[in-house]
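> Need a 3D model of the sequence below.
(chains A and B)
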Amino acid sequence: MDDPVLTVSRLRVVLARNGERHRVLDEISFAVAPGEILAVVGESGAGKSTLGAAIQGLLPSDAAPEVSGSIRLTGLEIVGSPPHLLRSARRLLVRAVPQDPMGALNPTMTIRRQLHESADCDEALILESLRRAGLSDERRIAGAHPHRLSGGERQRVLIAMAMMARPKLLIADEPTTALDVTTQAQLLQIVRDLAREEQTAIIYITHDLNVAAAVADRVMVLFGGRMAEIGSLRQVARNPRHPYSANLFAARYDLDTDRSRPLPTHRAAFRHDETSDRGCGYFLRCQIARSDCSSIRPRERRVQAHSGLVACHRSDEMPLAILPVAAPRDAWAGEEVTAGPVALELMDVHKRFLADRERVWERRRLIPALRGVNLSIALGQSVAVVGESGSGKSTLLKIAAGLVAADSGRVSCLDPRPQVIFQDPVSALTPWLPIGEQIGERLRPHVTSAAERRRRVGETLQSVGLDPSLMHALPSELSVGQCQRAIVARAVVVPPKLLLCDEPISAMDVPLAAATLNLLNDLRRRLGLAMLFVTHDLAAARIIADRIIVLNKGEVVEEFEANMLQSPSRGAVTRALIEACPSLDAMIAG
Amino acid sequence: MAFYLAKRACGLAIVLMVMSFIVFLLQSVIPSDPARAIAGPYAPSSTIETVRQELGLNDPIAVQYGQFLMRVSAGDLGKSVRTRQPVSNDLLRYLPATLELISVATILAMGLAFGLTLLLLGGARSQALRHVFIALGSTPIILSAVLLAYVFWFRLAWLPGSGRLQFRDFVGTTGFYVIDGLLAGRPEVSVDALAHLALPATAVALPFAVAVVRSLAGSLHDVMRQPYIQTARGKGLSEAAVVLRHGLRNAASAPLAMTGLQMRLLFGNLLVVESVFGWPGLGLYMTQSFATADLPAILGVSIVFGTIYVLVSIAVELAQSLTDPRIEL
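Next up is the predicted model:
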């Protein structure tokens, strides 16, 4: 084996957050060889992104980082190096592709100038890097400002920016989270090619195990800032030796998951997981914990089952302990949805938007977003709308919500005020109001007594799986998953007839997404809501919906029962979407 | 762009109309009789009545306003009651002095703002500097102007504190003495004009600069936490390049808007500063006109200030759209 590009040993990072110091990374050790792709997986807050920032020497100075241990990048020590050495390491050795393509490009500089800064290069190299990143009209892109580009184009620009510097190590921090499946599949191919052709070592941070399977050779599972397990992805997926990774791999869902019953989930994250020096970090959530798990920290050790390392006292007993992966998983009651009255009906809906001007004197063109869409959802029914970005999904949802008016066509909605659940749960809550108050606000017109309102809020919180005592908590005191539940509670405290969901799970890790899907599925069955679920994730659409509608360029190209997603009679657009979905199972089998 | 300029020109016209209407209303509301002011305090009532007829003061308000607009649009702003000169002549006489003061003060303010920003970026985040900022930013201009005059003129006698020039005989062609001195080949005149400018310009520039720096520092603080700054750092750029190339331009919008706002406050400040330093400009002219209820003069100065303000806000919007391509005019 070649000398590793990156060797991390006993890395510890302590960061200050809200005045408290947290150990974000705790004794992490691993190495990455040239041309190898290492996936780093784990739930939000596991320290994945901090690891990336630490390797670049770019930990936020606000957080007063304390770093110990060692990060060696082709022989150069990063920890404790003076700023000018770190700068040249970033210039020549390590580059990153960030998570949010919308914010990661300077809005006031043309793409050409931003690329020009990235490496000593001429115009030809700039254009060629853009082309290699899959942008065919590279001249237009190079001359444009970022706000003229789509999310996928921006992410490709960022990859071009990183590639043109020919780094030894590339850190990709959830680069495809914000993109649709088709674009994601193309970007994953580019990343794989980069590793193979340029022998670039790649650290691929993701919360999506299916994506990790599509791209990576090895996987490192992080939990609470510690390494739980590391090894060949295929071996770990087949035979996880740490209870956390076992849960993680069991909680995933894909196009073949049983949709007649709730998804398997595991115990929800605690608000403040204790990561004491002593004991195993996973102790509180572990189903097979013993008494010594709380007092002796498990060291990483080799296991028989695969060639990697595991930090668990009981890793050898894992196959014996059958994981009680979820509470009883009975099939959903009332599977046969009785078609009630129509809750939402769109007939021949058209919508066009004004395009941006290319030049000041040009007239603004109209771009069609929806072209004659028909859609009807009965009470108690759930319909998913899927499609690539730009297919008109979000416009459709906004029209249904009454946030945007259709140009022509008829929109009739049983509910004058349908409730919407947005993608980012944290920013959809007012930060300075306790969540109980935000939920209770919707009761004000109906319930005048404050005590009665409190009671109803408590009940609703309970029904979405939150402790009623959390009604006095501020959003910042809740985890992301709890915030999403609070938003669902806000939507259903006065049960609406129509619930609209705009990509509510696309930024969540697998267990959280699974729990959210279960919650929504449960509520709509119990309360008999009509639900419109907009997503680019076919697997989620299939699980949550009775019917799936495929949009393409503003038109409904196909509509079918969710069970029939994989039927051979599906049209080309749907098949392309299906093929673009990465699948871990396929990788394990293959 | 052409559409934008046309739109703003209409805006300017509307602003001037409204302003003229307000001043006109004032004229008819305040208990001061222009006819008596013109005819003199001891004129017999018949004379006053004649003057009233001449001035059209007995016509209905709407007719008076119409005639007034006709005159104003023909460039006739009326006669100043105090100086007995056509207001337009007075304006032309005092405008250069004020423009010179505004220009020098703006340049000084920008220089100060830039220097202070560099100081802040250079890591001088000490508490002391912050206190100095708050003190400077909250000193009323009347106090800082008087203090400047007291310390540097009366006490230290480093700088002159009254008037524009010590050369009584000098007559310039443009009215901007700094430039006139150079044109006439008398550099000592320019130097003297600059010395006279120093104190009033500083008094005007200080609150201006402090406001701009505070808004720039605030917006830079936010910008430096944006993901694209992290991207720029990830390219291995030096911190100076990150701040100057990626930070400042994205942070420019708020301080530019603040510059526009400060321009408006600046007119008020000019009244104070020109009075304190005996600066023969529009501010002093206006202060004196207030004292005699000289409404034609007040209207004339208001129109000039209003026009400058609208022009400045157009310039600010143009600058904002130049710095940020996402802003369309």
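> By mean pLDDT, point me to the weakest helix or strand of the chain.
As the question left the chain open, I've gone with chain A. Least confident helix or strand of chain A, by mean pLDDT, DSSP states H and E, is helix A:584-589 with a mean of 74.
> Actually, chain B is the one I wanted.
Min over SSEs of chain B, mean pLDDT, DSSP H and E: helix B:34-39 (a mean of 71).
> Give me the contacts around that helix.
Defining contact as Cβ atoms under 8 Å, 6 or more residues apart in numbering or on different chains, one finds that helix B:34-39 is touched by B:27, B:43, B:47-49, B:51-52, B:55, B:57, B:81, B:292-293, B:295. The C-beta positions use only the backbone N, C-alpha and C, and glycine is treated the same way.
> what does stretch A:366-375 give?
A:344-355, A:383, A:385, A:392, A:395-396, A:399, A:406, A:409, A:549, A:551, A:553-556.
> Show me just the buried residues among these.
Those of the contacts of stretch A:366-375 that meet the buried threshold are A:344-346, A:349, A:351-352, A:383, A:385, A:392, A:395-396, A:399, A:406, A:409, A:549, A:551, A:554-556, by 16 or more other Cβ atoms under 10 Å in any protein chain shown.
> What is the neighbour count of A:His22?
17 (other Cβ atoms under 10 Å in any protein chain shown).
> in what helix or strand does the closest residue to B:Leu284 other than its chain neighbours lie?
Once flanking residues are discounted, B:Leu284 sits nearest to B:Glu274: 4.1 Å by Cβ to Cβ, 6 or more residues apart in numbering or on different chains. B:Glu274 is part of helix B:253-276 when elements are defined by DSSP states H and E.
> Tell me which helix or strand comes right after that helix.
The helix or strand immediately downstream of helix B:253-276 is helix B:282-291, counting by DSSP H and E.
> got a list of contacts for that next one?
Here helix B:282-291 has contacts from B:80, B:82, B:90-91, B:94-95, B:97-98, B:267, B:270-275, B:278, B:294, B:297-298, B:301, B:304-305, using Cβ under 8 Å, 6+ apart.
> count of neighbours near B:Ala113?
Around B:Ala113 there are 24 residues (other Cβ under 10 Å).
> show me what contacts whatever residue of chain B ends up closest to chain A?
Proximity of chain B to chain A (Cβ to the nearest Cβ) peaks at B:Gly236, 2.8 Å away. With contact set as Cβ under 8 Å, 6+ apart, B:Gly236 has these partners: A:87-92.
> So what does the residue lying closest to A:Ser9 once chain neighbours are set aside have for phi and psi?
In space, and not counting its chain neighbours, A:Ser9 is closest to A:Ser29: 4.6 Å by Cβ to Cβ, 6+ apart. In terms of degrees, to the nearest 10, the main-chain angles of A:Ser29 are phi -130, psi 130.
> shouldn't A:Ser29 be in contact with A:Leu11?
Yes. The pair A:Ser29 / A:Leu11 is scored as a contact, 7.2 Å apart, by Cβ atoms under 8 Å.
> Tell me which of those two has more neighbours.
Taking neighbours as other Cβ under 10 Å, A:Ser29 and A:Leu11 compare with A:Leu11 leading, 25 against 15.
> Buried residues in the strand or helix carrying that one, which are they?
Using DSSP H and E, A:Leu11 sits within strand A:6-17. Residues of strand A:6-17 classed as buried: A:6-8, A:11-15 (neighbour count, 16+ other Cβ under 10 Å).
> Just give me the residue closest to the centre of the chain.
No chain was given, so I picked chain A. Central residue of chain A (Cα atoms, centre = their mean): A:Ala507, 2.9 Å from the mean position.
> That was the other one, I meant chain B.
The residue lying closest to the centre of chain B (Cα atoms, centre = their mean) is B:Phe267, at 4.0 Å.
> Let's see the pLDDT reported for that one.
Note on B:Phe267: pLDDT of 85.
> Do I have it right that it meets B:Gly306?
No. Here B:Phe267 does not reach B:Gly306: they are 9.2 Å apart, not a contact under Cβ under 8 Å.
> export the helix or strand containing A:Asn374 as CSV, just CAs?
Under the criterion of DSSP H and E, A:Asn374 resides in strand A:366-378. The C-alpha coordinates for strand A:366-378 follow below in CSV (Å, rounded to 0.1, in the frame of the first residue of the first chain):
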residue,chain,number,x,y,z
LEU,A,366,-41.5,34.4,-19.1
ILE,A,367,-40.4,31.0,-18.0
PRO,A,368,-43.1,28.4,-17.6
ALA,A,369,-42.9,26.6,-14.2
LEU,A,370,-46.2,24.7,-14.4
ARG,A,371,-47.9,23.8,-17.7
GLY,A,372,-51.4,22.4,-17.2
VAL,A,373,-51.1,20.4,-14.0
ASN,A,374,-54.0,18.4,-12.8
LEU,A,375,-54.0,17.0,-9.3
SER,A,376,-56.5,15.9,-6.8
ILE,A,377,-56.1,14.6,-3.2
ALA,A,378,-58.9,13.2,-1.2
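> residue ranges with poor pLDDT in the chain?
Picking chain A for this. A:1-2, A:265-277, A:318-330, A:333-339, A:356-363, A:590 (pLDDT under 70).
> My question was about chain B, not that one.
When residues are selected by pLDDT under 70, those of chain B lie in B:31-32, B:34, B:121-127, B:329.
> who in the stretch 101-250 of chain A is up against chain B?
Residues of the stretch 101-250 of chain A lying near chain B by Cβ under 8 Å from any Cβ of the partner chain: A:103-109, A:117-118, A:145, A:147, A:158, A:161, A:165.
> Quick check on those residues: which are buried?
Applying 16+ other Cβ under 10 Å to these flags A:103-109, A:117-118, A:145, A:158, A:161, A:165 as buried.
> Fine by me, we can end here.
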